[in-house]
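Q: how does the following fold in three dimensions:
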Amino acid sequence: MRLSPEALDAVVQLHERFLARKPGGRRALLSYVDLSGCDLAASNLSEADLTAARLRGANLAAANLRRAQLSLCDLRQATLDGADMSSADMRGSCFRGAEMNNSVLARADLREATVVLYEPRQAQVVRSFREPFSADGTDLGDGDVVPLPQGASCNLRSDFTDAAMRGSNLEGADLRRANFTGSILEGANFAQAKLAGATFHSAVLTGANLRGADLEGADVSDAILDPEALELAELKKAIKSSHAIRSEQDVAAALGEHALWLDSQGQKGRRALLAKLDLSDRNLADARLVMALLPGAKLHRTNLQRALLAMADLTSADLRHALLAEADLRGATLRRACFNAANLAGAKLGPLLDVGTHHADFPANGERAKFVGSNLAGANLRRANLVGADFSNADLTGAQLQEAKLDGGTFAGAKLEGANLDGASLSRVKGLPAKR
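A: Okay, here's the model as predicted:
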(Lines give C-alpha, C1' and ligand atoms only; values in the text may rest on other atoms or scores of the structure.)
Protein backbone atom coordinates (compact mmCIF):
# COMPACT_ATOMS: atom_id res chain seq x y z
CA MET A 1 0.00 0.00 0.00
CA ARG A 2 1.24 3.49 -0.84
CA LEU A 3 -0.04 6.73 0.71
CA SER A 4 -0.41 10.02 -1.11
CA PRO A 5 1.68 12.92 0.26
CA GLU A 6 -1.50 14.49 1.63
CA ALA A 7 -2.54 11.29 3.41
CA LEU A 8 0.95 10.87 4.86
CA ASP A 9 0.96 14.47 6.14
CA ALA A 10 -2.37 13.79 7.85
CA VAL A 11 -0.97 10.65 9.52
CA VAL A 12 2.06 12.58 10.80
CA GLN A 13 -0.10 15.42 12.13
CA LEU A 14 -2.40 13.01 13.96
CA HIS A 15 0.65 11.23 15.38
CA GLU A 16 2.02 14.49 16.71
CA ARG A 17 -1.32 15.10 18.45
CA PHE A 18 -1.09 11.57 19.85
CA LEU A 19 2.37 12.29 21.27
CA ALA A 20 1.14 15.54 22.77
CA ARG A 21 -1.83 13.66 24.26
CA LYS A 22 -4.25 15.99 22.51
CA PRO A 23 -7.83 15.00 21.60
CA GLY A 24 -8.18 13.30 18.24
CA GLY A 25 -4.59 12.14 18.17
CA ARG A 26 -3.76 8.77 16.70
CA ARG A 27 -0.58 6.74 16.69
CA ALA A 28 1.00 6.35 13.25
CA LEU A 29 0.49 2.74 12.13
CA LEU A 30 2.50 2.43 8.95
CA SER A 31 3.67 -1.17 8.99
CA TYR A 32 4.32 -2.60 5.49
CA VAL A 33 3.39 0.76 3.89
CA ASP A 34 5.39 1.89 0.86
CA LEU A 35 6.96 5.24 1.80
CA SER A 36 9.90 5.04 -0.59
CA GLY A 37 11.15 8.44 -1.66
CA CYS A 38 8.88 10.30 0.78
CA ASP A 39 10.02 13.51 2.47
CA LEU A 40 9.74 13.04 6.23
CA ALA A 41 12.62 15.35 7.19
CA ALA A 42 12.36 16.68 10.75
CA SER A 43 9.11 14.75 11.31
CA ASN A 44 8.27 13.54 14.80
CA LEU A 45 7.55 9.83 14.44
CA SER A 46 8.75 8.73 17.84
CA GLU A 47 6.90 5.59 19.01
CA ALA A 48 5.38 5.14 15.54
CA ASP A 49 4.88 1.65 14.12
CA LEU A 50 6.85 1.38 10.88
CA THR A 51 7.47 -2.36 10.98
CA ALA A 52 8.61 -3.59 7.54
CA ALA A 53 7.83 -0.22 5.97
CA ARG A 54 9.49 0.50 2.63
CA LEU A 55 11.46 3.72 3.17
CA ARG A 56 13.97 3.28 0.40
CA GLY A 57 15.42 6.63 -0.68
CA ALA A 58 13.21 8.48 1.82
CA ASN A 59 14.36 11.73 3.42
CA LEU A 60 14.33 11.31 7.21
CA ALA A 61 17.04 13.86 7.99
CA ALA A 62 16.73 15.18 11.56
CA ALA A 63 13.60 13.04 12.10
CA ASN A 64 12.62 11.97 15.61
CA LEU A 65 12.29 8.17 15.58
CA ARG A 66 12.97 7.53 19.25
CA ARG A 67 11.47 4.24 20.47
CA ALA A 68 9.83 3.68 17.07
CA GLN A 69 9.10 0.20 15.74
CA LEU A 70 11.38 -0.03 12.70
CA SER A 71 12.16 -3.73 12.50
CA LEU A 72 12.55 -5.17 8.98
CA CYS A 73 12.45 -1.69 7.43
CA ASP A 74 13.88 -1.11 3.97
CA LEU A 75 15.97 2.04 4.44
CA ARG A 76 18.35 1.55 1.53
CA GLN A 77 19.74 4.88 0.21
CA ALA A 78 17.63 6.75 2.77
CA THR A 79 18.82 10.07 4.19
CA LEU A 80 18.98 9.85 7.98
CA ASP A 81 21.57 12.53 8.73
CA GLY A 82 20.99 13.82 12.25
CA ALA A 83 18.01 11.51 12.82
CA ASP A 84 17.36 10.31 16.38
CA MET A 85 16.66 6.57 16.49
CA SER A 86 17.66 6.01 20.09
CA SER A 87 16.00 3.01 21.79
CA ALA A 88 14.22 2.13 18.54
CA ASP A 89 13.51 -1.48 17.57
CA MET A 90 15.30 -1.91 14.24
CA ARG A 91 15.99 -5.63 14.23
CA GLY A 92 16.86 -6.96 10.80
CA SER A 93 16.50 -3.61 9.02
CA CYS A 94 18.45 -2.75 5.88
CA PHE A 95 20.41 0.54 5.68
CA ARG A 96 22.58 -0.27 2.65
CA GLY A 97 24.00 2.91 1.13
CA ALA A 98 22.10 5.15 3.56
CA GLU A 99 23.36 8.60 4.61
CA MET A 100 23.35 8.51 8.42
CA ASN A 101 25.99 11.03 9.42
CA ASN A 102 25.65 12.33 12.99
CA SER A 103 22.62 10.15 13.59
CA VAL A 104 21.75 8.78 17.04
CA LEU A 105 21.18 5.04 17.50
CA ALA A 106 22.04 4.89 21.20
CA ARG A 107 20.56 1.82 22.93
CA ALA A 108 18.77 0.80 19.73
CA ASP A 109 17.96 -2.87 19.14
CA LEU A 110 19.63 -3.91 15.88
CA ARG A 111 19.96 -7.62 16.45
CA GLU A 112 19.33 -10.25 13.83
CA ALA A 113 15.61 -10.79 13.16
CA THR A 114 13.94 -14.14 12.59
CA VAL A 115 11.09 -13.98 10.09
CA VAL A 116 8.59 -16.83 9.85
CA LEU A 117 6.96 -16.77 6.43
CA TYR A 118 3.25 -16.98 7.06
CA GLU A 119 2.18 -14.25 4.61
CA PRO A 120 3.30 -13.25 1.08
CA ARG A 121 4.32 -9.79 2.30
CA GLN A 122 6.82 -11.35 4.71
CA ALA A 123 8.35 -13.37 1.90
CA GLN A 124 8.55 -10.18 -0.17
CA VAL A 125 10.57 -8.44 2.57
CA VAL A 126 13.04 -11.33 2.70
CA ARG A 127 13.38 -11.46 -1.09
CA SER A 128 13.88 -7.71 -1.26
CA PHE A 129 16.68 -7.71 1.33
CA ARG A 130 18.40 -10.69 -0.32
CA GLU A 131 18.13 -9.53 -3.92
CA PRO A 132 21.36 -8.85 -5.82
CA PHE A 133 22.23 -5.18 -5.99
CA SER A 134 24.88 -3.01 -7.55
CA ALA A 135 27.06 -0.60 -5.59
CA ASP A 136 24.53 2.20 -6.02
CA GLY A 137 21.76 -0.04 -4.72
CA THR A 138 20.09 -0.66 -8.08
CA ASP A 139 18.06 -3.84 -8.14
CA LEU A 140 19.55 -6.43 -10.46
CA GLY A 141 16.52 -8.66 -10.58
CA ASP A 142 15.77 -11.83 -8.73
CA GLY A 143 18.75 -13.75 -10.08
CA ASP A 144 18.93 -17.25 -8.64
CA VAL A 145 16.70 -16.53 -5.66
CA VAL A 146 16.01 -19.62 -3.58
CA PRO A 147 12.28 -20.31 -3.22
CA LEU A 148 10.81 -19.38 0.16
CA PRO A 149 8.26 -22.00 1.23
CA GLN A 150 5.43 -20.98 3.51
CA GLY A 151 6.23 -21.57 7.16
CA ALA A 152 9.99 -21.39 6.63
CA SER A 153 12.03 -19.17 8.93
CA CYS A 154 14.76 -16.78 7.75
CA ASN A 155 17.33 -14.83 9.71
CA LEU A 156 18.04 -11.27 8.59
CA ARG A 157 21.02 -9.34 9.93
CA SER A 158 20.84 -5.58 10.30
CA ASP A 159 22.70 -4.39 7.22
CA PHE A 160 24.71 -1.13 7.07
CA THR A 161 26.74 -2.07 3.99
CA ASP A 162 28.31 1.08 2.46
CA ALA A 163 26.34 3.40 4.75
CA ALA A 164 27.86 6.79 5.65
CA MET A 165 27.77 7.08 9.45
CA ARG A 166 30.37 9.72 10.30
CA GLY A 167 30.04 10.91 13.87
CA SER A 168 27.04 8.69 14.63
CA ASN A 169 26.25 7.75 18.21
CA LEU A 170 25.68 4.01 18.69
CA GLU A 171 26.46 3.95 22.40
CA GLY A 172 24.95 0.92 24.11
CA ALA A 173 23.26 -0.30 20.92
CA ASP A 174 22.74 -4.02 20.39
CA LEU A 175 24.45 -4.67 17.05
CA ARG A 176 25.27 -8.33 17.37
CA ARG A 177 26.00 -9.85 13.92
CA ALA A 178 25.29 -6.53 12.14
CA ASN A 179 26.95 -6.03 8.76
CA PHE A 180 29.04 -2.84 8.39
CA THR A 181 30.95 -3.85 5.25
CA GLY A 182 32.34 -0.78 3.49
CA SER A 183 30.61 1.64 5.85
CA ILE A 184 32.15 4.99 6.81
CA LEU A 185 32.28 5.14 10.60
CA GLU A 186 34.80 7.92 11.19
CA GLY A 187 34.35 9.34 14.66
CA ALA A 188 31.42 7.04 15.46
CA ASN A 189 30.72 6.24 19.11
CA PHE A 190 30.40 2.51 19.86
CA ALA A 191 30.99 2.83 23.61
CA GLN A 192 29.41 -0.12 25.47
CA ALA A 193 27.83 -1.39 22.24
CA LYS A 194 27.23 -5.10 21.68
CA LEU A 195 29.10 -5.97 18.49
CA ALA A 196 29.79 -9.68 18.87
CA GLY A 197 29.90 -11.36 15.46
CA ALA A 198 29.55 -8.07 13.56
CA THR A 199 31.28 -7.63 10.19
CA PHE A 200 33.45 -4.60 9.39
CA HIS A 201 35.15 -5.61 6.11
CA SER A 202 36.64 -2.52 4.42
CA ALA A 203 34.93 -0.19 6.91
CA VAL A 204 36.59 3.10 7.90
CA LEU A 205 36.78 3.30 11.70
CA THR A 206 39.34 6.06 12.18
CA GLY A 207 38.55 8.12 15.25
CA ALA A 208 35.81 5.70 16.36
CA ASN A 209 35.27 5.13 20.08
CA LEU A 210 35.28 1.40 20.85
CA ARG A 211 35.74 1.67 24.60
CA GLY A 212 33.70 -0.88 26.49
CA ALA A 213 32.28 -2.44 23.33
CA ASP A 214 31.88 -6.21 23.08
CA LEU A 215 33.69 -7.19 19.86
CA GLU A 216 34.09 -10.91 20.48
CA GLY A 217 34.17 -12.64 17.09
CA ALA A 218 33.66 -9.36 15.22
CA ASP A 219 35.45 -9.38 11.86
CA VAL A 220 37.51 -6.24 11.31
CA SER A 221 39.52 -7.71 8.42
CA ASP A 222 40.56 -4.95 6.00
CA ALA A 223 38.93 -2.32 8.24
CA ILE A 224 40.85 0.94 8.57
CA LEU A 225 41.54 1.56 12.25
CA ASP A 226 43.77 3.93 14.17
CA PRO A 227 47.02 2.19 15.17
CA GLU A 228 46.24 2.72 18.86
CA ALA A 229 42.80 1.13 18.42
CA LEU A 230 44.44 -2.15 17.42
CA GLU A 231 45.95 -2.32 20.90
CA LEU A 232 42.62 -1.98 22.70
CA ALA A 233 41.57 -4.83 24.96
CA GLU A 234 38.17 -4.69 23.26
CA LEU A 235 39.72 -5.94 20.01
CA LYS A 236 41.62 -8.85 21.51
CA LYS A 237 38.84 -11.29 20.68
CA ALA A 238 38.00 -9.77 17.29
CA ILE A 239 39.04 -11.30 13.97
CA LYS A 240 41.77 -9.03 12.60
CA SER A 241 43.93 -8.93 9.49
CA SER A 242 47.64 -9.12 10.14
CA HIS A 243 49.60 -6.95 7.70
CA ALA A 244 52.96 -8.57 7.08
CA ILE A 245 56.00 -6.32 6.89
CA ARG A 246 58.75 -7.11 4.39
CA SER A 247 62.23 -5.66 4.27
CA GLU A 248 63.28 -3.25 1.52
CA GLN A 249 65.38 -6.06 0.05
CA ASP A 250 62.46 -8.49 -0.04
CA VAL A 251 60.21 -5.91 -1.71
CA ALA A 252 62.90 -5.11 -4.29
CA ALA A 253 63.33 -8.82 -5.00
CA ALA A 254 59.57 -9.26 -5.45
CA LEU A 255 59.47 -6.34 -7.89
CA GLY A 256 62.40 -7.83 -9.80
CA GLU A 257 60.64 -11.19 -10.11
CA HIS A 258 57.48 -9.38 -11.20
CA ALA A 259 59.34 -7.48 -13.92
CA LEU A 260 60.74 -10.78 -15.22
CA TRP A 261 57.23 -12.28 -15.15
CA LEU A 262 55.89 -9.36 -17.19
CA ASP A 263 58.72 -9.37 -19.73
CA SER A 264 58.48 -13.13 -20.29
CA GLN A 265 54.67 -13.08 -20.43
CA GLY A 266 54.50 -15.35 -17.41
CA GLN A 267 57.13 -17.85 -18.53
CA LYS A 268 59.73 -16.72 -16.01
CA GLY A 269 59.80 -14.94 -12.68
CA ARG A 270 56.78 -14.62 -10.44
CA ARG A 271 53.75 -12.32 -10.32
CA ALA A 272 53.90 -9.88 -7.40
CA LEU A 273 51.57 -11.13 -4.67
CA LEU A 274 51.54 -8.33 -2.12
CA ALA A 275 48.13 -8.87 -0.54
CA LYS A 276 47.74 -7.59 3.03
CA LEU A 277 51.31 -6.31 3.13
CA ASP A 278 52.17 -3.18 5.09
CA LEU A 279 53.98 -0.99 2.58
CA SER A 280 53.23 2.28 4.33
CA ASP A 281 55.72 5.14 3.96
CA ARG A 282 57.73 3.23 1.32
CA ASN A 283 59.23 4.87 -1.75
CA LEU A 284 57.79 3.02 -4.74
CA ALA A 285 57.95 5.91 -7.19
CA ASP A 286 58.09 4.68 -10.80
CA ALA A 287 57.56 1.08 -9.61
CA ARG A 288 56.44 -1.37 -12.27
CA LEU A 289 53.40 -3.02 -10.69
CA VAL A 290 51.30 -3.80 -13.76
CA MET A 291 48.86 -6.64 -12.89
CA ALA A 292 50.27 -6.86 -9.34
CA LEU A 293 48.01 -8.29 -6.64
CA LEU A 294 47.66 -5.85 -3.72
CA PRO A 295 44.19 -6.50 -2.22
CA GLY A 296 43.96 -5.28 1.36
CA ALA A 297 47.48 -3.84 1.21
CA LYS A 298 48.40 -0.97 3.49
CA LEU A 299 49.92 1.83 1.41
CA HIS A 300 49.40 4.71 3.82
CA ARG A 301 51.56 7.69 2.78
CA THR A 302 53.39 5.51 0.22
CA ASN A 303 55.15 7.26 -2.67
CA LEU A 304 53.74 5.74 -5.87
CA GLN A 305 54.33 8.74 -8.09
CA ARG A 306 54.36 7.73 -11.77
CA ALA A 307 54.01 4.06 -10.72
CA LEU A 308 52.68 1.65 -13.33
CA LEU A 309 49.64 0.00 -11.73
CA ALA A 310 47.58 -0.82 -14.82
CA MET A 311 45.33 -3.87 -14.25
CA ALA A 312 46.58 -4.12 -10.65
CA ASP A 313 44.22 -5.37 -7.93
CA LEU A 314 43.94 -2.83 -5.09
CA THR A 315 40.61 -4.02 -3.70
CA SER A 316 40.08 -2.63 -0.17
CA ALA A 317 43.62 -1.24 -0.09
CA ASP A 318 44.47 1.61 2.29
CA LEU A 319 45.99 4.42 0.20
CA ARG A 320 45.28 7.34 2.50
CA HIS A 321 47.70 10.25 1.97
CA ALA A 322 49.52 8.24 -0.73
CA LEU A 323 51.35 10.05 -3.53
CA LEU A 324 49.97 8.77 -6.84
CA ALA A 325 50.51 11.81 -9.03
CA GLU A 326 50.75 10.76 -12.69
CA ALA A 327 50.41 7.10 -11.74
CA ASP A 328 49.00 4.71 -14.34
CA LEU A 329 45.94 2.94 -12.89
CA ARG A 330 44.19 2.12 -16.15
CA GLY A 331 41.98 -0.94 -15.86
CA ALA A 332 42.89 -1.36 -12.18
CA THR A 333 40.50 -2.88 -9.63
CA LEU A 334 40.01 -0.27 -6.89
CA ARG A 335 36.77 -1.53 -5.38
CA ARG A 336 36.29 -0.12 -1.86
CA ALA A 337 39.87 1.16 -1.79
CA CYS A 338 40.46 4.21 0.39
CA PHE A 339 42.26 7.13 -1.29
CA ASN A 340 41.28 9.76 1.29
CA ALA A 341 43.64 12.76 1.15
CA ALA A 342 45.76 11.04 -1.54
CA ASN A 343 47.43 12.95 -4.36
CA LEU A 344 46.24 11.59 -7.72
CA ALA A 345 46.87 14.72 -9.75
CA GLY A 346 47.24 13.80 -13.40
CA ALA A 347 46.76 10.10 -12.68
CA LYS A 348 45.36 7.78 -15.36
CA LEU A 349 42.26 5.90 -14.21
CA GLY A 350 40.66 5.43 -17.59
CA PRO A 351 40.30 2.19 -19.57
CA LEU A 352 43.17 0.04 -20.77
CA LEU A 353 42.39 -0.32 -24.45
CA ASP A 354 42.80 -3.06 -27.04
CA VAL A 355 44.16 -5.74 -24.71
CA GLY A 356 45.04 -9.23 -25.88
CA THR A 357 44.01 -11.18 -28.94
CA HIS A 358 40.37 -10.21 -28.37
CA HIS A 359 41.29 -6.49 -28.32
CA ALA A 360 39.22 -6.00 -25.18
CA ASP A 361 38.91 -2.73 -23.24
CA PHE A 362 39.22 -2.82 -19.43
CA PRO A 363 37.81 0.22 -17.57
CA ALA A 364 39.07 0.93 -14.06
CA ASN A 365 36.68 -0.36 -11.38
CA GLY A 366 36.43 1.98 -8.39
CA GLU A 367 33.01 0.95 -7.09
CA ARG A 368 32.48 2.39 -3.59
CA ALA A 369 36.05 3.70 -3.49
CA LYS A 370 36.67 6.63 -1.16
CA PHE A 371 38.40 9.77 -2.49
CA VAL A 372 37.48 12.15 0.36
CA GLY A 373 39.72 15.22 0.26
CA SER A 374 41.92 13.71 -2.46
CA ASN A 375 43.61 15.66 -5.26
CA LEU A 376 42.39 14.44 -8.66
CA ALA A 377 43.12 17.63 -10.57
CA GLY A 378 43.67 16.80 -14.22
CA ALA A 379 43.15 13.08 -13.63
CA ASN A 380 41.73 10.93 -16.43
CA LEU A 381 38.74 8.92 -15.20
CA ARG A 382 37.09 8.32 -18.55
CA ARG A 383 34.66 5.39 -18.59
CA ALA A 384 35.70 4.41 -15.05
CA ASN A 385 33.19 2.50 -12.94
CA LEU A 386 32.88 4.79 -9.91
CA VAL A 387 29.39 3.81 -8.80
CA GLY A 388 28.85 4.80 -5.17
CA ALA A 389 32.30 6.42 -4.87
CA ASP A 390 32.77 9.24 -2.35
CA PHE A 391 34.43 12.39 -3.74
CA SER A 392 33.50 14.66 -0.83
CA ASN A 393 35.82 17.70 -0.70
CA ALA A 394 37.97 16.23 -3.49
CA ASP A 395 39.70 18.44 -6.06
CA LEU A 396 38.47 17.35 -9.49
CA THR A 397 39.56 20.51 -11.27
CA GLY A 398 39.99 19.74 -14.95
CA ALA A 399 39.36 16.02 -14.43
CA GLN A 400 38.14 13.96 -17.37
CA LEU A 401 35.03 12.00 -16.37
CA GLN A 402 33.45 11.44 -19.77
CA GLU A 403 31.20 8.36 -19.86
CA ALA A 404 32.16 7.47 -16.28
CA LYS A 405 29.63 5.60 -14.15
CA LEU A 406 29.05 7.92 -11.18
CA ASP A 407 25.62 6.66 -10.06
CA GLY A 408 25.05 7.00 -6.33
CA GLY A 409 28.28 8.93 -5.87
CA THR A 410 28.86 11.77 -3.39
CA PHE A 411 30.41 15.09 -4.45
CA ALA A 412 29.66 17.32 -1.46
CA GLY A 413 32.20 20.13 -1.34
CA ALA A 414 34.11 18.84 -4.38
CA LYS A 415 35.88 21.26 -6.74
CA LEU A 416 34.68 20.61 -10.29
CA GLU A 417 35.87 23.66 -12.22
CA GLY A 418 36.73 22.58 -15.75
CA ALA A 419 35.79 18.94 -15.10
CA ASN A 420 34.27 17.17 -18.10
CA LEU A 421 31.29 14.94 -17.28
CA ASP A 422 29.94 14.56 -20.82
CA GLY A 423 28.07 11.28 -21.15
CA ALA A 424 28.63 10.35 -17.50
CA SER A 425 25.92 8.37 -15.72
CA LEU A 426 24.69 10.49 -12.80
CA SER A 427 21.58 8.91 -11.32
CA ARG A 428 21.14 9.36 -7.55
CA VAL A 429 24.31 11.49 -7.33
CA LYS A 430 24.55 13.60 -4.20
CA GLY A 431 26.18 17.02 -3.85
CA LEU A 432 26.77 17.67 -7.53
CA PRO A 433 26.05 21.32 -8.50
CA ALA A 434 23.12 21.78 -10.85
CA LYS A 435 25.28 23.85 -13.19
CA ARG A 436 28.80 22.69 -13.94
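Q: going by C-alpha atoms from here, please, whenever you check contacts or count neighbours.
A: Will do.
Q: quick one: contacts for the residue lying closest to residue 198 once chain neighbours are set aside?
A: Counting by Cα to Cα, 6 or more residues apart in numbering, residue 198 lies nearest to residue 177, which is 4.0 Å off, once chain neighbours are set aside. Residue 177 makes contacts with 111-112, 157-158, 195-199, 218, as judged by Cα atoms under 8 Å, 6 or more residues apart in numbering.
Q: mind checking how far residue 177 is from residue 158?
A: 8 Å (Cα to Cα, to the nearest Å).
Q: which residue ranges of the stretch 151-300 of the chain form helices?
A: 248-263 (DSSP state H, counting those that start in this stretch).
Q: where does the prediction get shaky in it?
A: Across the stretch 151-300 of the chain, not a single residue meets the criterion (pLDDT under 70).
Q: please enumerate the shared neighbours of residue 177 and residue 158.
A: 111-112.
Q: thinking again about what came up before, and of the contacts of residue 177, the nearest to residue 38?
A: Nearest to residue 38 among the contacts of residue 177, counting by Cα to Cα, is residue 158 at 22.0 Å.
Q: could you find the closest non-adjacent residue to that closest one?
A: residue 92 (4.2 Å).
Q: was I right to think that neighbour contacts residue 174?
A: No: contact between residue 92 and residue 174 fails when scored by Cα atoms under 8 Å: they sit 11.6 Å apart.
Q: check contacts around the residue nearest in space to the middle of the chain.
A: Note on the chain: the residue nearest the mean C-alpha position is residue 162, at 2.1 Å, using Cα atoms, centre = their mean. For residue 162, the contact set (Cα under 8 Å, 6+ apart) comprises 96-98, 180-184, 368.
Q: just the ones of these in strands?
A: Among the contacts of residue 162, DSSP state E puts none in strands.
Q: so what's residue 123 scoring on pLDDT?
A: pLDDT for residue 123: 74.
Q: tell me, how many residues neighbour residue 300?
A: Residues contacting residue 300 under the criterion other Cα atoms under 10 Å number 22.
Q: sorry, that was for residue 278
A: 19.
Q: residue 65 contacts residue 82, doesn't it?
A: No: with contact taken as Cα under 8 Å, residue 65 and residue 82 are classed as non-touching, separated by 10.9 Å.
Q: of the two, who's got more company?
A: Neighbour count, other Cα under 10 Å: between residue 65 and residue 82, residue 65 has more, with 27 against 23.
Q: give the contact list for the residue lying closest to residue 241 once chain neighbours are set aside.
A: Setting aside the residues directly before and after it, residue 241 is nearest to residue 221 in space (Cα to Cα, 6+ apart), at 4.7 Å. Contacts for residue 221 (Cα under 8 Å, 6+ apart) come out as 200-202, 239-241.
Q: and residue 221, its phi and psi?
A: phi -60, psi 130 (degrees, to the nearest 10).
Q: do you know how far it is from residue 155?
A: 23 Å.
Q: and residue 58, by the same measure?
A: Distance from residue 58 to residue 155, by Cα to Cα: 25 Å.
Q: compare the two (neighbour count), which wins?
A: Regarding residue 58 and residue 155, a neighbour count based on other Cα under 10 Å identifies residue 58 as having more, with 22 against 12.
Q: need the contact list for that one.
A: 35-40, 75, 77-79.
Q: can you lay out those as JSON lines showing neighbour count?
A: Converted to JSON lines, these look like this (neighbours: other Cα atoms under 10 Å):
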{"residue": "35", "neighbour count": "25"}
{"residue": "36", "neighbour count": "19"}
{"residue": "37", "neighbour count": "16"}
{"residue": "38", "neighbour count": "18"}
{"residue": "39", "neighbour count": "18"}
{"residue": "40", "neighbour count": "22"}
{"residue": "75", "neighbour count": "29"}
{"residue": "77", "neighbour count": "28"}
{"residue": "78", "neighbour count": "24"}
{"residue": "79", "neighbour count": "28"}
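Q: mind checking which of these land in strands?
A: Among those, no member lies in strands (by DSSP E).
Q: how about these in a markdown table, adding pLDDT?
A: Shown next, in a markdown table, are the contacts of residue 58 (pLDDT from 0 to 100):
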| residue | pLDDT |
| --- | --- |
| 35 | 96 |
| 36 | 95 |
| 37 | 94 |
| 38 | 96 |
| 39 | 96 |
| 40 | 97 |
| 75 | 96 |
| 77 | 92 |
| 78 | 96 |
| 79 | 96 |
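Q: and stretch 41-48, average pLDDT?
A: 97.
Q: contact partners of that stretch?
A: 12, 15-16, 27-30, 59-69, 83.
Q: again, only using 7 Å
A: For stretch 41-48, contacts defined as Cα atoms under 7 Å, 6 or more residues apart in numbering pick out 16, 27-29, 59-69.
Q: can you say which of these are buried?
A: 16, 27-28, 59-69 (16 or more other Cα atoms under 10 Å).
Q: OK, contacts around residue 382?
A: 350-351, 400-404.
Q: adding distance to residue 297, write those residues out as CSV.
A: Formatted as CSV, these follow (distance: Cα to Cα, whole Å):
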residue, distance to residue 297
350, 22
351, 23
400, 27
401, 27
402, 29
403, 29
404, 26
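Q: residue 278: which of these is nearest?
A: residue 350 (26.9 Å).
Q: and the closest one, what is it in contact with?
A: Counting by Cα under 7 Å, 6+ apart, residue 350 has contacts 330-331, 363-364, 380-384.
Q: need the residues you listed in CSV with pLDDT and distance to residue 51, can you?
A: Shown next, in CSV, are the contacts of residue 350 (pLDDT from 0 to 100; distance: Cα to Cα, whole Å):
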residue, pLDDT, distance to residue 51
330, 97, 46
331, 96, 44
363, 94, 42
364, 97, 40
380, 98, 46
381, 98, 42
382, 97, 43
383, 97, 41
384, 97, 39
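Q: now list the buried members of those residues.
A: 330-331, 363-364, 380-384.
Q: which of those fall in strands?
A: Going by DSSP E, the strands hold none of the buried ones among the contacts of residue 350.
Q: just to revisit the earlier point, out of the contacts of residue 221, who's nearest residue 295?
A: residue 202 (10.8 Å).
Q: appreciated, that's everything.
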